[in-house]
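> From the sequence below, what's the structure:
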Amino acid sequence: MGGGSEAGSADGCPEAQPPDGSPSPELLALVHLTRVIEPGDETCGRWVRELGAEEVVERLRGRGAQLAGVTHKRWAGLMARAERGEPERDLAVARAAGMRFVRPGDAEWPAQLDDLGDGRPLGLWVRGPASLRMWALRSVAVVGARACTEYGAHMAATLAAGLAERGWVVVSGGAYGVDAAAHRGALGAGGATVAVLACGVDRPYPRGHTELIGRIAEQGLVVGELGPGEHPTASRFIVRNRVIAALTRGTVVVEAAYRSGSLVTARAARRLGRHTIGVPGPATSALSAGVHELLRADAVLVTDAAEVVELVGDMGELAPERRGPVLPRDLLDPAARHVLAALPARGAAPADGIARDARTTRDDAIARLYELRSLGYVERHGDGWKLTRQAMSSVGADRGRC
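Numbers count the residues shown, from 1 in each chain. So this is what the prediction gives:
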C-alpha cells in the first residue's frame, strides 16, 4: 500500500507519530476540517496555512475570536458543522473500508497539488494499493461529456488504452460517458487509472458505477476530498475538477458541449500551466462544440495516445511521422516520375510532346519511356506512347491530391 498516513502536517513538514500509535492532533484536526470546510474554500485554506489546522478547529469550537474573511452568519454555520465533527470515528470507518487519509507533507502527497495555493485540498481520502504521489508523476486526465456519442466513447477508451500501454496513468472523474470509457480503456489494457470523486470514496457515485469504481479501487486508486459517506452536489463536482487538473501533466477533453463541466477541468489545467488538449469531432456536433472552442484558443489538437505523450512526456517521446501510403510510383527516379506525369490521361502522345511537357530532351524522354515500359507503366501505341491501366490509377490518385 502507498504511503498513506496518520502523521504529517498541513504546512508540508512531517510530524512525529505519537508513541502510542494514536492519530496526531494535527491529523485529527485536518480530518475534522474536511467535515466543516467545503473543498476549494480559499479563505479557510488561508486560515489553515497561517494558523494551522488545530488552531482553526479551536476557533470553530468557540475557543477564540472569529476568524477574518467571513460573515457572522457563515461563521455560525461553520461552528455548527464543527460541533458535529468526529475525526476519530471517521478514521476508524475509513480503515474498515480500506481507505487512508493522505495530507500535505506525507510521503504519498502529490506536491503538484500545492500549485492550487490556498485552494489545495486539506488532504485526500484514498482507496487502492498504489502510491498516489508516484502515479501522479506520470499521469494524464481524460475527461468529457457524460452523454457522449459512440465516437466519444471509442476515442476515450482508445486514448486511455494507448496511454496505459505506454506506462501512463489515466485520471478521470468516474462519471458516465467519457470518464467511464477512459477508466475502462485503461483497465482493459492492464494499466493504471485513478478516479477522483466528488463524494466520499467509500460511496461510489453514480450508483451504476459501483462495480467499475470497485475495480478501480482494486487495480488503481479512488481519491476524494470528502469524508466517508459524504454525498456529491453540483458545486462539489465543479471544484473536484481542479484536483484532476492539478494532479496531472495535462488534460485531454473528448467531446464537450459549450457548458460541459469538463471544460472547467481544461481551464483549470490552463491556469495551472498544464497542457490543455482536445480531440476534434464533427463540425456539426454540439457535443464537440466546447472542444472546438478550446482548440480555437490555445489547446492542442490530438488524435491518438502517441500525440498526447509527445506533449506531456519527456524529451524524445515523439509521435510517429504521419504520411500517406507509399505508392509504387513513389519509388521511381524523379526524372522518370516527371516523364510519367507528362503522359496524357487518355490516348497516346509522341515522344517529342512528352519530352517538352517533361522539360527534358527527346533522347532522355525515350530512355525514360523504355524504363517505364519495363516496369509496366507505359506501352507503345503506333508512333506514340500511352499509359497502362496500372499507371492510370497511380497517376490519377497522385493528381487527385492536388
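> Which residues does the residue nearest to residue 222 when sequence neighbours are not counted form beta bridges with?
The shortest distance from residue 222 to any non-neighbouring residue, by C-beta to C-beta, 6 or more residues apart in numbering, is to residue 127 (4.3 Å). C-beta here means a position set from N, CA and C on the backbone, and glycine is covered the same way. Beta-bridge partners recorded for residue 127 (DSSP bridges): residue 99, residue 222.
> pLDDT score for residue 127?
You'll see residue 127 listed with a pLDDT of 97.
> quick one: it and residue 218 touch, right?
No: using C-beta atoms under 8 Å, residue 127 is not in contact with residue 218; the gap is 9.1 Å.
> And these two? Which one has more around it.
residue 127 (24 against 13; other C-beta atoms under 10 Å).
> low pLDDT regions in this structure?
1-21, 315-328, 393-402 (pLDDT under 70).
> Is residue 146 part of a helix or strand, or is it coil?
coil (DSSP: H, G, I helix; E, B strand; the rest coil).
> got the contact list for it?
The contact partners of residue 146, by C-beta atoms under 8 Å, 6 or more residues apart in numbering, come to 175-179.
> List the contacts of stretch 270-278.
Under C-beta under 8 Å, 6+ apart, the answer for stretch 270-278 is 115-116, 245-246, 248-253, 266-267, 269, 291-292, 294-295, 298-302, 308, 311-312.
> what does stretch 173-183 give?
Counting by C-beta under 8 Å, 6+ apart, residues outside stretch 173-183 touching it are 142-148, 152-154, 156-157, 159-160, 170, 172, 193, 195-198, 204-206, 208-209, 212-213, 216, 220, 222, 237, 240-241, 244, 254-255, 262.
> next one: stretch 364-373
By C-beta under 8 Å, 6+ apart, stretch 364-373 touches 332, 335-336, 339-340, 342, 351, 354-355, 358, 360, 378-380, 385, 391.
> The same query, at a cut-off of 10 Å, please.
Stretch 364-373 is contacted by residues 329, 332-333, 335-340, 342-343, 350-361, 377-380, 385, 387-388, 391 when judged by C-beta atoms under 10 Å, 6 or more residues apart in numbering.
> The helix ranked longest in the chain: what's the following helix or strand?
What stands out as the longest helix in the chain, according to DSSP state H, is helix 150-165. Sequence-wise, the next helix or strand downstream of helix 150-165 (DSSP states H and E) is strand 169-172.
> Residue 294: what's its closest spatial neighbour, skipping adjacent residues?
Nearest residue to residue 294, sequence neighbours excluded (C-beta to C-beta, 6+ apart): residue 278, at 4.7 Å.
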